[in-house]
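In: got a structure for you, letters missing:
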């Protein structure tokens, strides 16, 4: 699943930088990559919504999905003003939850 792949890329970026904060402080490589992967994750969920994949989307908290898409919009429209503490919270708490939920969806389909 593309979403899991993007989450794992973010996990790898953080691992390579040592901490989430260090990854977000890297203005040249890591922060832009993380923000792009978060945008891609949100876009994938939006594609599921547009294709009416309700059975899959019902496995996720609607507020979490809205929050993720709101962050995507903020990244796209106010890149320099992105609140890094929110991004850090998403990486620390949101992405593990999304990853677990994605793995459950995959497990149910097998």
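Out: Done, it's in. Just so we're clear, the structure is a prediction, and the values are computed from it rather than from any experiment.

In: what secondary structure does the residue most central in space within the chain sit in?
Out: Residue closest to the mean C-alpha point of the chain, counted by C-alpha atoms, centre = their mean, is residue 38 at 3.9 Å. For residue 38, the assignment made with DSSP: H, G, I helix; E, B strand; the rest coil gives helix.

In: start at 28 instead
Out: Sure, I'll start numbering at 28, so the last one becomes residue 65.

In: Just to check, it is in contact with residue 99?
Out: Yes. Judged on C-beta atoms under 8 Å, residue 65 makes contact with residue 99 at a distance of 6.7 Å. For the C-beta atoms, the positions are set from N, CA and C on the backbone; glycine is no exception.

In: So residue 64 versus residue 135, what's the distance?
Out: 25 Å (C-beta to C-beta, to the nearest Å).

In: oh, I was asking about residue 57
Out: From residue 57 over to residue 135 the distance is 34 Å, taken as C-beta to C-beta.

In: Comparing these two, which residue is more hemmed in?
Out: residue 57 (19 against 10; other C-beta atoms under 10 Å).

In: who's in contact with the more buried one?
Out: 40, 43-44, 49-51 (C-beta atoms under 8 Å, 6 or more residues apart in numbering).

In: what about the nearest residue to it once chain neighbours are set aside, neighbour count?
Out: Spatial nearest neighbour of residue 57, excluding adjacent residues (C-beta to C-beta, 6 or more residues apart in numbering): residue 50 at 4.3 Å. If you count neighbours by other C-beta under 10 Å, residue 50 ends up with 23.

In: where's residue 50, which helix or strand?
Out: Using DSSP states H and E, the element containing residue 50 is helix 47-52.

In: Who wins on neighbours among the contacts of residue 57?
Out: Result: residue 50 is most packed of the contacts of residue 57 (other C-beta under 10 Å), 23 neighbours.
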